[in-house]
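1. my questions are about this predicted structure, shown below with the sequence.
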Amino acid sequence: MSRAAERLRLLITHLDRPPAAIVSFYSRLFYEENGFLLIKNLVSEEDIDRFRREFERICRQEIKVPGLVVMRDVAIAKSEFVPDQKAVSKLQDFQEDPELFRYCSLPEILKYVECFIGPNIMAMHTMLINKPPDAGKKTSRHPMHQDLHYFPFRPADRIVCAWTAMEKVSRQNGCLVVLPGSHKGTLQEHDYPEWEGGVNKMYHGVRGYDPQHPRVHLEMEKGDTVFFHPLLIHGSGMNQTQGFRKAISCHYASGDCYYIDVKGTTQENIEKEVKEIAARKYAVGDEITLKDTWAVRGRLVQGARISM
Ligand SMILES: CCCCCCCCCCCCCC(=O)SCCNC(=O)CCNC(=O)[C@H](O)C(C)(C)COP(=O)(O)OP(=O)(O)OC[C@H]1O[C@@H](n2cnc3c(N)ncnc32)[C@H](O)[C@@H]1OP(=O)(O)O
Ligand SMILES: Nc1ncnc2c1ncn2[C@@H]1O[C@H](COP(=O)(O)OP(=O)(O)OP(=O)(O)O)[C@@H](O)[C@H]1O
Ligand SMILES: O=C(O)CCC(=O)C(=O)O
Ligand SMILES: [Fe+2]
Ligand SMILES: [Mg+2]
């Protein structure tokens with residue numbers, strides 16, 4: 001941290017009731033310097049319990065949500081055992097589920113999002129991650145990556161992720177691991193890591209990041225929320241407990257971001273995979289563009305949808 005930020009931090013910790021403006025200024029400075037900001041106890045227990053119950057209803061197939069992608073861990077999907085509902089490792093694209101989508105519109109979340117990306121806010125990508133107990137092959141890990149690798153829109157500074165712990169997350173059950181300050185770099189080349197036990201579909205990792213770079217394990221309590229920049233290098237470790245580690249997240253982009261053509265860039269490999277999956281999911285041919293797959297999923301949650 002810079003000296004300015006460190007002095008502000010000391011000031012805040014020494015004051016009984018630090019002025020809100022100082023806390024806000026420090027928070028923003030921390031995000032600029034580190035690429036993430038952790039806010040404790042932001043989402044209420046009551047809301048999280050509601051999201052959890054809705055997730056369980058989806059797993060029991062009591063409701064069907066249009067566009068929802070249910071993903072299972074590769075170790076389970078490729079095993080000969082019939083996977084039960086517990087095998088769900090991730091829900092993606094829950095924008096058509098009003099109960100889960102409430103997460104993306106929570107005022108306490110949007111208050112922060114607006115500070116990072118401005119008043120026009122689109123919810124672009126939604127996930128409920130149910131990291132399973134590792135089946136013994138370390139496939140529950142998420143390799144270190146930058147989320148921008150998946151996004152064909154810019155500018156990066158107008159994109160932010162909100163990620164809320166739905167229960168205590170620790171090193172034991174595979175908390176997020178971040179490389180502070182890595183968001184100041186550029187988008188790196190990503191590919192499947194060479195892991196012996198296999199790797200989940202589309203879990204690309206950064207090619208050769210500096211292993212000497214300091215890392216921070218973000219241990220969090222239920223309701224704690226981390227906001228992070230799409231260039232921040234992050235991942236999550238193996239779940240070494242018997243519980244399913246749950247978190248809910250949304251990637252937001254400003255309504256006045258613009259789409260880019262990823263042809264000829266490092267993002268070509270993910271474009272190919274996404275188009276293959278999208279062609280199956282929406283039962284269309286390969287005329288579907290990467291931009292279309294995002295434009296149909298994005299939802300305005302505040303302000304105006306200008307160019308997204
Ligand atoms: C428009 C949609 C695009 C989404 C964009 C996402 C952008 C994210 C951006 C945000 C940044 C976030 C960063 C991130 O989060 S990165 C990770 C994001 N991951 C995904 O988006 C994956 C989404 N999942 C799916 O599309 C489906 O669940 C897949 C395609 C995986 C299975 O499909 P389906 O459910 O229909 O299964 P099936 O039973 O018919 O099996 C078909 C084949 O697939 C095999 N299989 C099954 N599970 C896995 C697995 N886990 N790993 C590897 N392979 C797997 C299976 O053995 C079989 O293979 P084979 O036996 O035939 O060889
Ligand atoms: N062999 C590997 N290659 C690339 N990335 C890895 C490898 N092993 C772990 N990672 C990634 O590194 C990050 C941190 O993993 P992990 O939580 O195991 O950290 P750790 O520093 O080893 O901590 P712990 O001692 O608690 O296990 C995760 O994103 C994980 O996916
Ligand atoms: O393990 C997690 O919850 C983090 C997943 C993640 O970084 C992602 O899906 O982009
Ligand atoms: Fe990520
Ligand atoms: Mg480890």
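-> Nice, thanks for sending it over. Numbering: from 1, shown residues only. Ligands and ions are numbered 1, 2, ... in the order given.
2. what sits against residue 95?
-> Residue 95 makes contact with 67, 101, 104, 123, 126, 297, 299, according to Cβ atoms under 8 Å, 6 or more residues apart in numbering. For the C-beta atoms, the positions are set from N, CA and C on the backbone; glycine is no exception.
3. ok, stretch 128-143 near ligand 1 or not?
-> No. Against ligand 1, stretch 128-143 shows no contacts by Cβ under 6 Å from any ligand atom, the least distance being 7.3 Å.
4. that stretch: which residues count as buried?
-> 128-135, 137-143 (16 or more other Cβ atoms under 10 Å).
5. go on, stretch 210-220?
-> 218, 219, 220.
6. what does stretch 230-246 give?
-> Neighbour counts over stretch 230-246 (16+ other Cβ under 10 Å) mark 230-239, 244-246 as buried.
7. what's the closest of these to residue 287?
-> Nearest to residue 287, judged by Cβ to Cβ, of the buried residues of stretch 230-246 is residue 230 at 27.6 Å.
8. hang on, residue 285 packs against residue 279?
-> Yes. With contact defined as Cβ atoms under 8 Å, residue 285 reaches residue 279; the gap is 6.3 Å.
9. please say which of the two ends up with more neighbours.
-> Taking other Cβ atoms under 10 Å, residue 285 and residue 279 do not tie; residue 279 has more neighbours (15 against 7).
10. so which of the contacts of residue 95 belong to strands?
-> If you go by DSSP state E, those have 123, 126, 299 in strands.
11. switch these over to a markdown table; also include distance to residue 2 and neighbour count.
-> Converted to a markdown table, the ones in strands among the contacts of residue 95 look like this (distance: Cβ to Cβ, whole Å; neighbours: other Cβ atoms under 10 Å):
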| residue | distance to residue 2 | neighbour count |
| --- | --- | --- |
| 123 | 32 | 23 |
| 126 | 34 | 23 |
| 299 | 37 | 16 |
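12. switch those over to JSON lines; also include pLDDT.
-> JSON lines is the format used below for the ones in strands among the contacts of residue 95 (pLDDT from 0 to 100):
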{"residue": "123", "pLDDT": "98"}
{"residue": "126", "pLDDT": "98"}
{"residue": "299", "pLDDT": "98"}
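13. ok so, going back, which among the contacts of residue 95 gets closest to ligand 2?
-> Nearest to ligand 2, judged by Cβ to the nearest ligand atom, of those is residue 126 at 21.3 Å.
14. for that closest one, give the beta-bridge partners.
-> Under the criterion DSSP bridges, residue 126 forms beta bridges with residue 250.
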